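**Q** structure, please.
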Amino acid sequence: MRLSSESIGTRLIIAILGVAVFSAPLRLRAAPQFIGGPILGFIPDAGGTAIRPVLGIPGASMLGKGLELNVDIRGATISPKQDYAIASRVADAQAVVIDVAADPPQVTPVTGVHPVPN
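**A** A predicted model of the protein is given here:
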């Protein structure tokens, strides 16, 4: 029995299409769970204990998940240029500056100031 090159080519194409079709769900499951976009700025929650990014564009925006900081904070205030925040560290009331532009955000204690700043 002799196979023609035409039948081999047809079988090869069918095999490649089969692999592509059956592997598509594997690639879909590996897709990222977050779609990024523009960040308009940042906003603290009511107690200033979390800082959340404002995602989207003017007229079509939403609040994102709170920034993951390595310390607990309170009384957060965002700078007018939206590039840093000032807050108090919960553990010892030390004033801290939070660089929200860094990835991950950097928390730096402010030395030489009284605890519980206003």
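
**Q** quick one: distance of stretch 39-48 to the chain centre.
**A** 15 Å (CA atoms, centre = their mean, to the nearest Å).

**Q** quick one: pLDDT of the closest residue in space to Asp45 that isn't next to it in sequence?
**A** Counting by CB to CB, 6 or more residues apart in numbering, Asp45 lies nearest to Arg52, which is 6.8 Å off, once chain neighbours are set aside. Yep, even glycine has a C-beta here, placed from its N, CA and C like the rest. With respect to pLDDT, Arg52 has a value of 94.

**Q** with Ile43 instead?
**A** 94.

**Q** one step back: what helix or strand is the residue nearest to Asp45 on?
**A** strand 51-57 (DSSP states H and E).

**Q** over to Ile43?
**A** Going by DSSP H and E, Ile43 is part of strand 39-44.

**Q** list the buried residues of that strand.
**A** Burial within strand 39-44, assessed by neighbour count using 16 or more other CB atoms under 10 Å, is assigned to 42, 44.

**Q** quick one: residues contacting Val90.
**A** If you count contacts by CB atoms under 8 Å, 6 or more residues apart in numbering, Val90 has them with 49, 71-74.

**Q** now, which of those sits nearest Gly56?
**A** Closest approach between these and Gly56, by CB to CB: Thr49, at 23.5 Å.

**Q** skipping adjacent residues, who's closest to Ile51 in space?
**A** In space, Ile51 is closest to Leu67, 4.8 Å off (CB to CB, 6+ apart).

**Q** isn't the one you found up against Thr49?
**A** No: under the criterion of CB atoms under 8 Å, Leu67 is not in contact with Thr49, lying 11.4 Å apart.

**Q** residues of stretch 55-62 that come out buried?
**A** Buried residues in stretch 55-62, counted by 16+ other CB under 10 Å: 55, 61.
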